[in-house]
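Peer 1: Make a model of this:
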Amino acid sequence: MADLIKRFPGFDCEGEGGERGERGERGERGERGERGERGHRGDAGIQFEPARTLFVAQSWPIGADPAIFFTSIQAAINQGATMNPTMTNQVLVLVYPGSYTENLTLVSNVGIAAATPGGSIVQLNGNVTWQPGVGVNAPQTNTIELVIFNGFTMAVPNTFTFDSTGKASAAAIFYTQQAIFGNVSFTGRGINLDTAFFFLANFNSLSTSWTNMTGQAQTVGVELTACRLRSMTFAGNTVVRVQSGDFIIGSWTLTGTANVTANGVDRFLAAAVASGALLTIAGSNIVGAISVFAGGAADVRGSNYGQNANLVGPGTINRSTWTQTVGPTVVGANVVMVVNAPFPDGAYNVILTLIAGPGSAGITVTGKTGPSFTINDPVGGNTFDATIIHD
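Peer 2: Numbers count the residues shown, from 1 in each chain. Have a look, this model is predicted:
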């Protein structure tokens with residue numbers, strides 16, 4: 001034991017320290033403290049299973065069921081194909097916002113939709129193909145096949161292709177809303193069975209074609225409602241109805257027996273109507289040239305259009321009005337050819353406005369047909385603006 005030296009004021013005293021005393025007994029144990037709060041349980045993943053709904057997102061938490069939650073749209077569609085989808089028992093693939101680079105092969109009665117259409121963007125970089133009655137859809141070839149495609153944005157170089165030519169029977173129906181498309185190619189069977197509905201869609205490419213798209217009983221095969229429109233080709237036995245919307249660039253081409261009706265289109269730009277085809281424009285503002293070839297027909301009554309040059313024959317153009325300068329007349333019958341604008345019939349009135357000459361007393365109009373009428377002038381030497389107003 002080391003020496004212990006103690007010093008006190010006034011004197012010094014040194015001596016050897018005593019031994020350490022024995023350790024005392026242990027005191028009683030104190031009371032136990034309160035237990036702390038339990039920590040939060042870690043995320044165990046998504047465990048719910050909505051009936052016949054599959055989900056796609058860029059990523060999922062650990063533990064998400066891989067049979068329900070996917071990071072690939074096509075993988076989810078493939079899973080839907082194993083769930084025996086039918087028109088009355090469909091499967092929905094719900095896609096969350098993000099950019100997905102993949103080509104898609106659609107399965108009938110497996111719809112795909114953006115989780116937030118009109119809000120966050122679901123960008124699809126790739127081509128989309130739907131072939132009813134063929135390949136993976138062969139088991140449904142004799143039943144109604146439907147695909148819903150809502151809320152996607154497709155890049156312009158990519159193409160959405162519909163082809164039902166391999167389907168044996170029954171209808172193929174496509175429905176979309178609030179989607180933006182690149183190139184579009186729809187080919188039906190032309191036998192009253194193929195129908196496509198587009199609502200608030202944006203056709204963002206100059207390459208859109210519809211061939212042999214015909215609905216039940218020769219009714220509408222393609223319906224475009226409140227869409228943004230560009231160049232389109234309508235071929236074969238295609239029946240189309242356009243309801244409102246805006247035609248922003250390009251021209252339409254009608255061939256075969258295509259029958260296209262456009263109602264309430266703002267700024268209808270231009271169209272070319274080939275032999276056998278029919279274009280009807282109602283309640284629209286025509287700002288470009290409607291060219292109708294021999295054997296074709298256009299009915300533009302009830303629409304606004306500019307000079308006569310906006311409506312060009314020699315095909316039949318059933319219009320509301322037409323104006324042409326005629327004269328000077330000769331004494332007797334003056335046959336007036338309706339230049340570049342033959343009407344379908346003679347059911348119209350002719351108004352003659354005198355521009356120059358001795359006057360219009362005793363003048364009559366007879367012989368009204370689609371391509372011509374006759375001014376009977378007993379005096380001659382008159383020049384008129386001749387205006388036709390069709391019923």
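Peer 1: Low-confidence regions, the stretch 201-350 of the chain specifically.
Peer 2: Filtered on pLDDT under 70, the stretch 201-350 of the chain yields the residue ranges 217, 307-309.
Peer 1: hmm, 80 instead?
Peer 2: For the stretch 201-350 of the chain, residues meeting the criterion pLDDT under 80 lie at 216-218, 306-309, 339-343.
Peer 1: Quick one: the helices in the stretch 51-200 of the chain, in order.
Peer 2: Listed in chain order, the helices of the stretch 51-200 of the chain (DSSP state H, counting those that start in this stretch) span residues 73-81.
Peer 1: Residue 89 contacts residue 51, correct?
Peer 2: No. Look at residue 89 against residue 51 with CB atoms under 8 Å: they stay out of range, at 10.2 Å. Where you see a C-beta, it was placed from the backbone N, CA and C, and this is true even at glycine.
Peer 1: the more surrounded of the two?
Peer 2: Shown here are residue 89 and residue 51; by other CB atoms under 10 Å, residue 89 has more neighbours (10 against 6).
Peer 1: show me what contacts the more buried one?
Peer 2: With CB atoms under 8 Å, 6 or more residues apart in numbering as the criterion, the residues that contact residue 89 are 52, 109.
Peer 1: Ignoring the adjacent residues along the chain, who's closest to residue 87?
Peer 2: By the measure of CB to CB, 6 or more residues apart in numbering, the closest residue to residue 87 outside its immediate chain neighbours is residue 144, 4.4 Å from it.
Peer 1: Look up how far residue 173 lies from that neighbour.
Peer 2: Going from residue 144 to residue 173 by CB to CB, to the nearest Å gives 7 Å.
Peer 1: for residue 152, same thing?
Peer 2: Distance from residue 152 to residue 173, counting by CB to CB: 18 Å.
Peer 1: which of these two has more neighbours?
Peer 2: Remark: of residue 152 and residue 173, residue 152 carries more neighbours, 24 against 19, as counted by other CB under 10 Å.
Peer 1: which residues in the stretch 251-391 of the chain form helices?
Peer 2: Under DSSP H, counting those that start in this stretch, the stretch 251-391 of the chain gives no helices.
Peer 1: Relative to residue 213, how far out is residue 184?
Peer 2: 11 Å.
Peer 1: oh, I was asking about residue 298
Peer 2: Using CB to CB, residue 298 is found at 20 Å from residue 213.
Peer 1: Please say which of the two ends up with more neighbours.
Peer 2: residue 213 (30 against 26).
Peer 1: Please name the nearest non-neighbouring residue to the more buried one.
Peer 2: residue 221 (3.4 Å).
Peer 1: What separation do you get for that neighbour and residue 210?
Peer 2: 7 Å.
Peer 1: any shared contact partners between those two?
Peer 2: Counting by CB under 8 Å, 6+ apart, the residues touching both residue 221 and residue 210 are 196, 238, 240.
Peer 1: ok, and the most crowded of those residues?
Peer 2: residue 238 (29 neighbours).
Peer 1: how does the chain divide up, domain by domain?
Peer 2: Segmentation of the chain into domains, based on automatic domain parsing, reads 53-243, 321-390.
Peer 1: can you tell me the distance between the two ends of the longest one?
Peer 2: Going back to what we said before, that points to domain 53-243. One end of domain 53-243 sits 32 Å from the other (CA to CA, to the nearest Å).
Peer 1: List the buried residues of stretch 68-83.
Peer 2: By 16 or more other CB atoms under 10 Å, the buried positions in stretch 68-83 come out as 68-71, 73-74, 76-81.
Peer 1: next one: stretch 327-344
Peer 2: Of all the residues in stretch 327-344, those buried under the rule 16+ other CB under 10 Å are 327, 329, 334, 336, 338, 340-343.
Peer 1: same check, this time on stretch 374-386
Peer 2: 374-375, 377, 382, 384, 386.
Peer 1: of the residues you listed, the lowest pLDDT goes to which?
Peer 2: Across the set of the buried residues of stretch 374-386, residue 386 stands lowest in pLDDT, at 93.
Peer 1: Show me what that residue bridges to in the sheet.
Peer 2: Following DSSP bridges, residue 386 is listed with bridge partners residue 324, residue 352.
Peer 1: quick one: contacts for it?
Peer 2: 323-326, 336, 350-353, 375.
Peer 1: can you put these in CSV and add distance to residue 359?
Peer 2: What follows is those, written out as CSV (distance: CB to CB, whole Å):
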residue, distance to residue 359
323, 21
324, 20
325, 17
326, 15
336, 19
350, 17
351, 16
352, 11
353, 13
375, 13
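Peer 1: returning to that earlier point: single out the most deeply packed of the domains of the chain.
Peer 2: Across the domains of the chain, the average number of neighbours (mean count of other CB atoms under 10 Å) peaks for domain 53-243, which reaches a mean of 19.
Peer 1: For the stretch 1-150 of the chain, give me the ranges with low pLDDT.
Peer 2: Residue ranges of the stretch 1-150 of the chain with pLDDT under 80: 1-50, 116-120.
Peer 1: now do 50
Peer 2: Along the stretch 1-150 of the chain, segments meeting pLDDT under 50 span 1-15, 39-48.
Peer 1: what about the strands in it?
Peer 2: Secondary structure of the stretch 1-150 of the chain (DSSP state E, counting those that start in this stretch): strands located at 6-8, 11-13, 53-56, 69-70, 91-95, 98-101, 104-105, 110-114, 122-125, 128-130, 145-150.
Peer 1: partners of the fifth one in the sheet?
Peer 2: Taking DSSP bridges as the criterion, strand 91-95 sits next to strand 53-56 (parallel), strand 110-114 (parallel) in its sheet.
Peer 1: closest one to residue 315 among these?
Peer 2: Proximity to residue 315, assessed across the strands paired with strand 91-95 by CB to CB, is greatest for strand 110-114 (41.7 Å).
Peer 1: contacts for that closest one?
Peer 2: So strand 110-114 is contacted by 73, 76-77, 80-81, 85, 90-95, 97, 104, 106, 120, 122, 146-152 (CB under 8 Å, 6+ apart).
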